[in-house]
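Asks: got a sequence here, can you build the structure:
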Amino acid sequence: MQRQVGSLNLNQSVKSKLISAGITSTRDLQHVTATQLSSETNLSQVEALEVLQVSSGVGVVSLSALELLQREEEEPKSIVTFCSQLDAALTGGVPVGKITEICGTPGTGKTQLCFQLAVDVQVPPCFGGLGGQVVFIDTEGSFLLQRIVDVAAAAVQHCSLLAEDDEQRVAMTTFSVDTILSNIFLVRCRDYVELLAELHMLPDFLCEHPKVRLLVIDSLAFLFRQHFEELSQRTRILNGLAQQLIAMATSQNMAVVLTNHMTTRLHSGRSQLVPALGDSWGHAPTIRLLLHWAGLKRLAAIFKSSGHMDCTVQYQLTSDGFRDADQSEQPQSKRPRTHSSQSAVSTTETGS
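Replies: Numbers count the residues shown, from 1 in each chain. Alright, predicted model coming up:
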């Protein structure tokens, strides 16, 4: 489905420049680069990227409900975290075809969980994994190769101990630290313009690499919490970004995992820690996880999900990666999904 430029969620001056240049529908924006669009319309590079970002989320052919059901029944639906309590709470792990956001203050393990998922998505299908690849977009320079090597070595050792039949033993001949590293495609983005450009080119990359089953952006907030004179521009770009990621996750049947910072908000005369990027962005992720401290314990809370109960589990970070905490210290709390996301965050934070 094609749409007229005038109906797109763009600044009026941007739409006027597009129409003046003879670009009247999204059909005219296909196979055009940001540089070409900028030179043809006198738009800035950022404005051109925003136009391509918004138009790329338009006209996506949706799957029927029956096709979605068949896909879920035929293919693995989740990426395990190696923390059995969290996997159980998520009904198997981080879901493919959806956006999962990991929120938390520094030091809670957001990046460590991303490392774990980047390795776990590659677990061979005969062990219940996806046997996939991952695109890892690093915005903060926090990608530590040695840490990935440690997590990968632990995953290989774990699967080798589980191998029982010939199929699994054969799979272990190609599931190694070297192959795990070769299946992680690392991208470094230093500002939101680079991120938008990378995401605009990503569909072509995914066509050439159909085994990619996970996209990680660590972190999204780092690029969008500064360098914006107008908050409305940031909101428009984030809304377009959300449409892109949702369409990509669905069409490619892959998991999209984002990390987000926490910020302080005044509520009823007191300050609270809440995820950054605002309430509008909060609607984009399918699942939001909050990693936080309660004394010396690390807790992971599901505080937004239409398919899971609000739930808090304990975890730990070890030399092997993201793991269960000691069973003797692992209480689990659940409550019906009648609370808002903000109240869920407030509850977990005040208890930490």
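Asks: just say helix, strand or coil for the residue nearest to the spatial centre of the chain.
Replies: Nearest to the mean C-alpha position of the chain, by Cα atoms, centre = their mean, lies V257 at 1.9 Å. Following DSSP: H, G, I helix; E, B strand; the rest coil, we place V257 in the strand state.
Asks: for it, give me its contacts.
Replies: With contact taken as Cβ atoms under 8 Å, 6 or more residues apart in numbering, V257 is in contact with 94, 99-102, 114, 117, 214-217. C-beta here means a position set from N, CA and C on the backbone, and glycine is covered the same way.
Asks: among the residues you listed, which ones are in helices?
Replies: With helices defined by DSSP state H, the entries of these inside them are 114, 117.
Asks: in the stretch 201-350 of the chain, where is pLDDT below threshold?
Replies: Applying pLDDT under 70 to the predicted model, the residue ranges of the stretch 201-350 of the chain that meet it are 327-350.
Asks: rerun at 80
Replies: Low-confidence regions of the stretch 201-350 of the chain, defined here as pLDDT under 80, cover residues 225-230, 267-268, 326-350.
Asks: all the strands of it, residue numbers only.
Replies: In the stretch 201-350 of the chain, the strands defined using DSSP state E, counting those that start in this stretch lie at 212-218, 255-260, 262-267, 270-275, 287-294, 297-305, 310-318, 321-324, 333-335.
Asks: how about JSON lines for these, with distance to C159 added?
Replies: Conversion of these to JSON lines gives the following (distance: least, Cβ to Cβ, whole Å):
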{"stretch": "strand 212-218", "distance to C159": "17"}
{"stretch": "strand 255-260", "distance to C159": "20"}
{"stretch": "strand 262-267", "distance to C159": "35"}
{"stretch": "strand 270-275", "distance to C159": "34"}
{"stretch": "strand 287-294", "distance to C159": "25"}
{"stretch": "strand 297-305", "distance to C159": "23"}
{"stretch": "strand 310-318", "distance to C159": "17"}
{"stretch": "strand 321-324", "distance to C159": "13"}
{"stretch": "strand 333-335", "distance to C159": "31"}
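Asks: nearest to G132, of these?
Replies: Counting by Cβ to Cβ, G132 lies closest to strand 212-218 out of the strands of the stretch 201-350 of the chain; the figure is 3.1 Å.
Asks: just checking, what packs against that closest one?
Replies: Strand 212-218 makes packing contacts with helix 110-120, strand 133-138, helix 192-208, helix 231-252, strand 255-260 when contacts are defined by 3 or more Cβ pairs under 8 Å, 6 or more residues apart in numbering; DSSP states H and E.
Asks: contacting residues around the closest residue to P203 other than its chain neighbours?
Replies: Excluding its sequence neighbours, the residue lying closest to P203 (Cβ to Cβ, 6 or more residues apart in numbering) is M248, at 7.0 Å. Contacts for M248 (Cβ under 8 Å, 6+ apart) come out as 202-203, 206, 215, 254, 256.
Asks: repeat for V80
Replies: Under the criterion of Cβ under 8 Å, 6+ apart, the neighbours of V80 are 87, 92-93, 120, 123, 128-129.
Asks: now with 7 Å, please.
Replies: 87, 93, 120 (Cβ atoms under 7 Å, 6 or more residues apart in numbering).
Asks: then L220?
Replies: Taking Cβ under 7 Å, 6+ apart as the criterion, L220 is in contact with 258-260.
Asks: between the residues you listed, which is nearest S268?
Replies: N260 (23.4 Å).
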